[in-house]
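Engineer: below is the sequence, then the predicted model.
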Amino acid sequence: MPFLRWETPVMNRARPGLPSLVRITLGVLLAASLALPEAWASGASSQGGGAGSGDRKERMTKRPRNEAELTGGELIQLETMWIPASEPGGRRQYFGMTVRLYPETGRFADACYKAPWVNEALINYFHQHPLEQASQAALDRDALRRALKALVDTVAGLGVIKTITILDGASEPPTENDADLSLVCG
């Protein structure tokens, strides 16, 4: 046979480790393909969602913001934000802070629409005016409270937000009604 080729054992040898890598990859893919249809079938009946979404069946959809007063909540808790504080030596240290907005009675819808704007304005304020130290004492100063209340009144409008509370770090979760109001406004 004229077309016979002579191969040496070196030419026939594959790269070391490649066959085992291919086998492992194929095994993982096969296992995943067998497991996924079962996982999809078991999860297909759920509505999905984030943390805690399965806890409350009555919260299937989020209310529109103009119905914020129907939640029964009294405060809007903004997401925890990371703000800078100056350290000795000129470096900045970031720490978490949670803001709670207490709307005026009858102005819940207005406060709900303005809550994201207030959140962004507070982040910008703290990045332009970093705190001197990262502590609750720095957040409790009267001058800072007055400046932030003036900022909130400028952004949300006078008479929309009654008071604001600033807490160091991630605060304790609000009550169920307050959490619903925060969800609607967030």
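Structural biologist: In hand now; what should we look at? Numbering: from 1, shown residues only.

Engineer: how about the helices in this protein?
Structural biologist: 9-12, 18-43, 108-128, 136-139, 142-156, 176-185 (DSSP state H).

Engineer: ok, the residue nearest the centre of the chain to Glu172 distance?
Structural biologist: Residue closest to the average C-alpha location in the chain (CA atoms, centre = their mean): Glu79, at 6.8 Å. Glu79 sits 15 Å away from Glu172, going by CB to CB, to the nearest Å. Placement of C-beta: from N, CA and C, glycine included.

Engineer: so how far is Tyr125 from Gly96?
Structural biologist: Separation of Gly96 from Tyr125 (CB to CB) stands at 16 Å.

Engineer: please pull out the lowest mean pLDDT helix or strand from this protein.
Structural biologist: helix 9-12 (a mean of 51; mean pLDDT, DSSP states H and E).

Engineer: find the nearest non-adjacent residue to Asp178, please.
Structural biologist: In space, and not counting its chain neighbours, Asp178 is closest to Gly73: 4.2 Å by CB to CB, 6 or more residues apart in numbering.

Engineer: burial of that neighbour, as a residue count?
Structural biologist: 24 (other CB atoms under 10 Å).

Engineer: isn't it right up against Leu183?
Structural biologist: No: at 9.2 Å, Gly73 does not count as touching Leu183 under the criterion of CB atoms under 8 Å.

Engineer: quick one: low-confidence parts of the chain?
Structural biologist: 1-22, 26, 30-32, 34-61 (pLDDT under 70).

Engineer: tell me the domain boundaries of it?
Structural biologist: 9-43, 65-185 (automatic domain parsing).

Engineer: check the offset of the longest one from the chain's centre.
Structural biologist: Okay, so that is domain 65-185. 15 Å (CA atoms, centre = their mean, to the nearest Å).

Engineer: got the end-to-end distance for it?
Structural biologist: Start and end residues of domain 65-185 are separated by 6 Å (CA to CA, to the nearest Å).

Engineer: so what strands line up beside the longest strand seen in the chain?
Structural biologist: When the chain is parsed with DSSP state E, its longest strand is strand 92-103. Its sheet considered, strand 92-103 pairs with strand 76-77 (antiparallel), strand 81-86 (antiparallel), strand 161-168 (antiparallel) by DSSP bridges.

Engineer: these: which one's closest to Ile24?
Structural biologist: Minimum separation from Ile24 across those (CB to CB) falls at strand 81-86, 40.7 Å.

Engineer: buried residues, the closest one. List them.
Structural biologist: Met81, Ile83, Pro84, Ala85 (16 or more other CB atoms under 10 Å).

Engineer: I figured the last one was touching Gln136, is that so?
Structural biologist: This means Ala85. No: the pair Ala85 / Gln136 is not scored as a contact, 11.8 Å apart, by CB under 8 Å.
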